[in-house]
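**Student:** okay, structure incoming, though there's no sequence with it:
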């Protein structure tokens, strides 16, 4: 048992399991999306898309990055806003009116990350690297969502005998923003749910939960 607990799989099991679930569900999305798109084309009397071409099809690109975009926006805002905002009694919040270890100024030590040891602008950027990286992934996903959605939209335009739209005209259309807002609102709801639910509900053994015997109105330190 001690050997297992020192193994790579045990020490990284949380990320490994979630990445495997992501790969499996992305594969499921790809196969079902490919079938759905081909059913749609067959209804219109058009030739189906080969599976090797579906990777670059706007239908797949739009659906994939529409979801990734909302996830990265959710996490970026969550990380950023928890610096300043509080929720009394929630395990997802810093204590009310108290400083914690994450608020202290970094002190270089021999085993500290190299930007901390280097100091200056590198330390400043590293101090906010989590929110910066998540916002950057949001922007990349948002751009690819726009690209895929426009590509899928223009394919439909051509089939209807209409002129394709440019990205500058398409970004102001309701379809693109409907795709975004329907995902954004669900992500914000899920964050609100876990912030509020951890005030009253518990999950023994989870670092996302307060201790089972902690009073509801007490915020973990």
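**Tutor:** Received it, and whenever you're ready, just let me know what you need. This structure is a prediction, so every number in the text was calculated from the model and none was measured.

**Student:** all contacts plus neighbour counts: C-alpha atoms, from now on.
**Tutor:** OK.

**Student:** and residue 161, how far is that from residue 40?
**Tutor:** Counting by CA to CA, to the nearest Å, the separation of residue 161 from residue 40 is 17 Å.

**Student:** correction: residue 116
**Tutor:** From residue 116 to residue 40 the distance is 54 Å (CA to CA).

**Student:** these two: which is more packed in?
**Tutor:** Regarding residue 116 and residue 40, a neighbour count based on other CA atoms under 10 Å identifies residue 116 as having more, with 19 against 13.

**Student:** which residues touch that one?
**Tutor:** By CA atoms under 8 Å, 6 or more residues apart in numbering, the contact list for residue 116 reads 106, 107, 108, 122, 123, 126.

**Student:** Throw the residues you listed into a markdown table and include neighbour count, secondary structure and pLDDT, thanks.
**Tutor:** Formatted as a markdown table, the contacts of residue 116 follow (neighbours: other CA atoms under 10 Å; DSSP: H, G, I helix; E, B strand; the rest coil; pLDDT from 0 to 100):
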| residue | neighbour count | secondary structure | pLDDT |
| --- | --- | --- | --- |
| 106 | 14 | coil | 88 |
| 107 | 9 | coil | 88 |
| 108 | 14 | coil | 88 |
| 122 | 14 | helix | 93 |
| 123 | 17 | helix | 92 |
| 126 | 16 | helix | 94 |
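
**Student:** relative to residue 220, which of those is nearest.
**Tutor:** Closest approach to residue 220 among those (CA to CA): residue 106, at 22.2 Å.

**Student:** roughly how far is the helix or strand harbouring residue 62 from the heart of the chain?
**Tutor:** Assigning secondary structure by DSSP states H and E places residue 62 in helix 58-81. Here helix 58-81 is found 5 Å from its chain centre; the criterion is CA atoms, centre = their mean, to the nearest Å.

**Student:** which residue packs closest to residue 179, ignoring adjacent ones?
**Tutor:** Distance criterion CA to CA, 6 or more residues apart in numbering; nearest residue to residue 179, sequence neighbours excluded, is residue 66 at 6.9 Å.

**Student:** can you give me the distance of the residue nearest the centre of the chain to residue 142?
**Tutor:** Taking CA atoms, centre = their mean, the centroid of the chain lies closest to residue 71, which sits 2.3 Å from it. Distance of residue 71 to residue 142, given as CA to CA: 11 Å.

**Student:** and if you look at residue 185?
**Tutor:** When residue 185 is compared with residue 142 (using CA to CA), they lie 15 Å apart.

**Student:** and residue 91, by the same measure?
**Tutor:** Counting by CA to CA, the gap from residue 91 to residue 142 is 30 Å.

**Student:** tell me where this protein is predicted with low confidence.
**Tutor:** 1-2 (pLDDT under 70).

**Student:** tell me where it has strands.
**Tutor:** Remark: no strands are assigned in the chain by DSSP state E.

**Student:** run through the helices of the chain in chain order.
**Tutor:** Taking DSSP state H, the helices of the chain run over residues 2-5, 8-11, 13-43, 51-54, 58-81, 114-118, 120-126, 129-159, 167-170, 174-200.
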